[in-house]
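K.L.:
sequence plus predicted model, see below.
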Amino acid sequence: MAHNSACNPDLVLAHKFSEKTFTYTERDVAVYALGVGACARDAVDTDELKYVYHENGQQFIKVLPTFSAIFSVGGLPQLGAVPGLRFDKRLLLHGQQYIEIYKPLPANATIHNKVTLAGLHDKGKASILELETRSYEKESGELLSLNRTSVFLRGAGGFSDPSKPFTYSNYPVNQTSMKIPKTQPFAVFEDCTQPSQALLYRLSGDYNPLHSDPMVGKAAGFSRPILHGLCTLGFGVRAIIKCICRGDQDMIKSIFARFLLHVYPGETLITEMWLEDLRVIYLVKVKERNRAVLSGYVQLHRLAASL
Ligand SMILES: CCCCCCC[C@@H](O)CC(=O)SCCNC(=O)CCNC(=O)[C@H](O)C(C)(C)COP(=O)(O)OP(=O)(O)OC[C@H]1O[C@@H](n2cnc3c(N)ncnc32)[C@H](O)[C@@H]1OP(=O)(O)O
């Protein structure tokens, strides 16, 4: 049987991504925090003002751990240039994100990114491409974070024998496995996204028109532009920092997220959390449609003394 020629796995796996350097400032950190809803309900929120303002004379504003995820988004335009990979960029969806944070992020820095391919899978109707981004602080050479981004390329699968579909990954499977407990959650947090949420969030560097252009949203199969997956993740992890970390963002060691369903800007997000030793399992639901949209875990360095 002839296979879809959307993807030549040998060429894709052999591709070397170019290294990139960029600088961010406190302004980017604050715009990001506002983009994931910090202080949206309460402009003097005692847990969150520090992400957008030099609260109590602090020298630098604090950085949300999920800010490191945007270091990986610069790889998006590069995907179109990967030899051996053909896909309709309007049909691309963010499938999963795994983040390791090695030290609290500085309020401003020049970052040097090294990107490698971590996985490629033929799912028949789609292919999944996984990229790893290691982000180094240029001045010190220190590794700040690792991101593994899985993109779900609808319509770009079926390039291998369906009886043994092509699959390659170079990372431990246990990093992406988790089960939602059947018990009552330890904590639940409800938060509203704004109708303009994606228009604000995109200023943090993901300018994919799927999140802003009504025509592109429709071409992708949605009634209107959808929210960035990493924005939903930012809301979910903020809820965990509030409810479990008691406001201390530096407790977070690693984060795993699987995007289950799209979110429309303006919808209400309910984050349910379960605590299993130093791991917080979480599930984010859209209240208006009663649908699960995101699940994953957050690994902590330690527990808050007041828990
Ligand atoms: C490099 C830098 C890149 C930066 C990227 C940033 C880009 C952003 O601008 C784009 C976005 O933010 S898009 C918004 C966020 N994402 C979403 O809304 C997607 C939500 N998820 C879905 O719609 C479906 O799960 C969907 C459509 C993903 C899958 O649903 P179905 O088609 O129903 O799939 P299903 O039949 O259940 O499963 C088929 C096989 O695929 C695996 N799979 C399913 N969901 C997955 C997911 N989310 N991530 C990874 N793999 C996934 C299944 O396990 C299954 O494989 P197998 O048969 O081997 O079990």
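P.N.:
It's in.

K.L.:
the top strand by length along the chain pairs with which strands, and in what direction?
P.N.:
Of all the segments of type strand in the chain, defined by DSSP state E, the longest one is strand 109-122. Strand pairing for strand 109-122, determined by DSSP bridges: strand 20-24 (antiparallel), strand 126-137 (antiparallel), strand 167-169 (antiparallel).

K.L.:
return the most buried member of those strands.
P.N.:
strand 126-137 (a mean of 22; mean count of other CB atoms under 10 Å). (Glycine included, C-beta is placed from N, CA and C.)

K.L.:
now do the helices in the stretch 101-250 of the chain.
P.N.:
Remark: helices assigned in the stretch 101-250 of the chain by DSSP state H, counting those that start in this stretch are 197-201, 214-219, 229-243.

K.L.:
do you know which of those helices lies nearest residue 136?
P.N.:
Residue 136 sits nearest to helix 229-243 of all the helices of the stretch 101-250 of the chain, at 20.7 Å, using CB to CB.

K.L.:
after that closest one comes which helix or strand?
P.N.:
strand 252-259 (DSSP states H and E).

K.L.:
just the buried residues of stretch 265-283, please?
P.N.:
Residues 265, 267, 269-275, 279-283 are the ones in stretch 265-283 that count as buried (16 or more other CB atoms under 10 Å).

K.L.:
for the residue nearest to residue 224 when sequence neighbours are not counted, what are its contacts?
P.N.:
Excluding the flanking residues, the one nearest residue 224 by CB to CB, 6 or more residues apart in numbering is residue 217, at 5.1 Å. Counting by CB atoms under 8 Å, 6 or more residues apart in numbering, residue 217 makes contact with 210, 223, 224, 225, 226.

K.L.:
give me the number of residues near the first one?
P.N.:
A total of 24 residues lie near residue 210 under the criterion other CB atoms under 10 Å.

K.L.:
could you verify my assumption that it touches residue 91?
P.N.:
No. Using CB atoms under 8 Å, residue 210 is not in contact with residue 91, being 9.3 Å away.

K.L.:
thinking again about what came up before, tabulate the strands paired with strand 109-122 (TSV), appending mean pLDDT and distance to the ligand.
P.N.:
Formatted as TSV, the strands paired with strand 109-122 follow (pLDDT from 0 to 100; distance: least, CB to the nearest ligand atom, whole Å):
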stretch	mean pLDDT	distance to the ligand
strand 20-24	97	12
strand 126-137	97	5
strand 167-169	97	8
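
K.L.:
quick revisit: measure the residue nearest to residue 224 to residue 90 for me?
P.N.:
Per CB to CB, to the nearest Å, residue 217 is found 9 Å from residue 90.

K.L.:
now the residue in the stretch 51-200 of the chain that the ligand sits nearest to. Its backbone dihedrals?
P.N.:
Distances between the stretch 51-200 of the chain and the ligand by CB to the nearest ligand atom are smallest at residue 95, namely 2.7 Å. Residue 95 adopts backbone torsions of phi -90, psi -50, taken as degrees, to the nearest 10.

K.L.:
is it true that it touches residue 148?
P.N.:
No. Judged on CB under 8 Å, residue 95 makes no contact with residue 148 at a distance of 10.9 Å.

K.L.:
next, the contact list for the residue nearest the centre of the chain, please.
P.N.:
Nearest to the mean C-alpha position of the chain, counting by CA atoms, centre = their mean, stands residue 230 at 3.6 Å. Residues near residue 230 by CB under 8 Å, 6+ apart: 66, 69, 70, 73, 94, 97, 201, 206.
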